[in-house]
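Trainee: Kindly generate the corresponding structure for this input.
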Amino acid sequence: MANRRFARCRGDATSVYKVLNAMNESHLWTAEPHTAYLHWQTTEAAGADRRRFSQRSIVQHKAMFDRFLRHLLTRGVTLATFGPEHLESFFDDVENRCAPGTTTRLRYVKLIDRLCRHLVDVGLRHSNPAATFALSAAWPEDEPEPLFLDSDADTALQGYVQPDAGDDARLCRNRAVVALLLGAGLTAAELRGARWRDVVIEGIRPQVSVPKRGARLERTVPLPAFSTPALAAWQRLHPSADDALLFPAPRTDDKPINDVLLGAIVRDALDAIGFAAPDMSPRVLRNTFARRQLLCGRTNEQTSAMLGLASHRTVIRIRDTISAQTT
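Mentor: Take a look at the predicted model:
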């Protein structure tokens, strides 16, 4: 009898502790949401397979959460008060800023659904407004084959980026943009943030240093010979301080070139060599860079490192395109 009473008291104490702990966590989500999210990611959060997230995934998830929280703040709502209409506007904004065929929206849906379920558990919310979005969200069964330039088109684009004496400032810049994307495999965001100090085109080892950005680690990528003449021409035409943006927006020196203009530059270059595909974004040049490394004999690990990727998944998919051609 005494043992049953002790067990009941111990169970009651455990329940009280859980309630108090949830109250404390709920307060932290309200007062310091960034801290609360990071704490949750590093101590409790897990994926659908119940496995804990890697440190790299945690960094990426934190950046995604920060973006979502900024959206809520601009709408005048909080983690406790946002509704389906705020999610709709956020997902629309995400989709508008992403290239067609990406899974970015889906990843945000999964992340916010997981977040909302946790906020319900700790008592900050009474319902999960992301549940409806998550029900209609599913990973694609077959990922689209990565688009890239074949060897002939790659060679043609390398020729296109060579500077010409008749180039005006716009074309000089455009050739340099494409030369850096094709020669170093940078993402659009990495190119937009690049500064003159990151690019070394003199000496025996031309290279570009890519600072850490989100989940991608800092890296240094050698620049091939075909890419340096265009960068040198741009440097002569647009001399700037070491800390200045490499490709500032037109008519300004302190804001980076935007994604719309960057996409147009790449499309114009691909049009010039007669390349046409559903996706004509900087991603095609990044895939081409990666495929060129594999064709030169680099391993999946080496190529992934040059792309700033910890996982080999992307490179394996690109290597499969080479295997498919040889079978």
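Trainee: Can you give me the pLDDT of the residue nearest to Arg117 when sequence neighbours are not counted?
Mentor: Leaving aside its chain neighbours, Arg117 sits nearest to Asn128 (5.7 Å; criterion: Cβ to Cβ, 6 or more residues apart in numbering). Where you see a C-beta, it was placed from the backbone N, CA and C, and this is true even at glycine. Asn128 is assigned a predicted lDDT (pLDDT) of 93.
Trainee: Mind checking what helix or strand follows the helix or strand of the chain with the lowest mean pLDDT in sequence?
Mentor: The helix or strand of the chain with the poorest confidence is helix 2-31; it has a mean of 54 (mean pLDDT, DSSP states H and E). Scanning forward in sequence from helix 2-31 by DSSP states H and E, the next helix or strand is helix 33-43.
Trainee: roughly how far out does that following helix sit from the chain middle?
Mentor: 21 Å (Cα atoms, centre = their mean, to the nearest Å).
Trainee: related to what we said a few turns ago, which residues does the residue nearest to Arg117 contact?
Mentor: Going by Cβ atoms under 8 Å, 6 or more residues apart in numbering, Asn128 touches 113, 116-117, 119-120.
Trainee: Excluding residues flanking it in the chain, which one is nearest Ser227?
Mentor: The shortest distance from Ser227 to any non-neighbouring residue, by Cβ to Cβ, 6+ apart, is to Gly183 (3.1 Å).
Trainee: would that neighbour count as being in a helix?
Mentor: Yes. Counting by DSSP: H, G, I helix; E, B strand; the rest coil, Gly183 is found in a helix.
Trainee: I'd say it and Phe289 touch.
Mentor: Yes. In this structure, Gly183 is within contact of Phe289 by Cβ atoms under 8 Å, at 7.2 Å.
Trainee: Just the CA coordinates for the helix or strand containing Leu171, please, in CSV.
Mentor: Using DSSP H and E, Leu171 falls within helix 169-184. Extracted C-alpha coordinates of helix 169-184, given in CSV (Å, rounded to 0.1, in the frame of the first residue of the first chain):
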residue,chain,number,x,y,z
ALA,A,169,31.0,48.2,-69.1
ARG,A,170,27.9,46.0,-69.0
LEU,A,171,29.2,43.3,-71.2
CYS,A,172,32.6,43.4,-69.4
ARG,A,173,30.8,42.8,-66.1
ASN,A,174,28.6,40.1,-67.5
ARG,A,175,31.5,38.1,-68.9
ALA,A,176,33.3,38.3,-65.5
VAL,A,177,30.1,37.1,-63.7
VAL,A,178,29.7,34.1,-65.9
ALA,A,179,33.5,33.4,-65.9
LEU,A,180,33.4,33.2,-62.1
LEU,A,181,30.3,31.1,-61.9
LEU,A,182,31.5,28.6,-64.5
GLY,A,183,35.1,28.6,-63.3
ALA,A,184,34.6,28.2,-59.5
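Trainee: about what we covered before: what's the spacing between the residue nearest to Arg117 and His118?
Mentor: Look at Asn128 and His118: by Cβ to Cβ, to the nearest Å, they are 10 Å apart.
Trainee: ditto for Arg107
Mentor: In this view, Arg107 and His118 are 17 Å apart by Cβ to Cβ.
Trainee: The two: who's more crowded?
Mentor: Counted by other Cβ atoms under 10 Å, Arg107 and His118 do not tie: His118 has more neighbours, with 19 against 16.
Trainee: Confirm the more buried one sits in a helix?
Mentor: Yes. Counting by three-state DSSP, His118 is part of a helix.
Trainee: Could you tell me the per-residue confidence at the closest residue to it other than its chain neighbours?
Mentor: Excluding the flanking residues, the one nearest His118 by Cβ to Cβ, 6+ apart is Trp40, at 6.4 Å. According to the prediction, Trp40 has pLDDT 89.
Trainee: you'd agree Trp40 is up against Arg117?
Mentor: No. Between Trp40 and Arg117 there is no contact under Cβ under 8 Å: 11.5 Å.
Trainee: what packs against the helix holding Leu171?
Mentor: Under the contact criterion of 3 or more Cβ pairs under 8 Å, 6 or more residues apart in numbering; DSSP states H and E, helix 169-184 touches helix 151-160, helix 188-193, strand 207-210, helix 228-237, helix 259-272, helix 282-295.
Trainee: got any ranges where this protein has weak pLDDT?
Mentor: Applying pLDDT under 70 to the chain flags residues 1-23, 46-50, 98-102, 136-144, 214-215, 324-327.
Trainee: quick one, domains of this structure?
Mentor: What automatic domain parsing lists as the domains of the chain is 14-135, 151-326.
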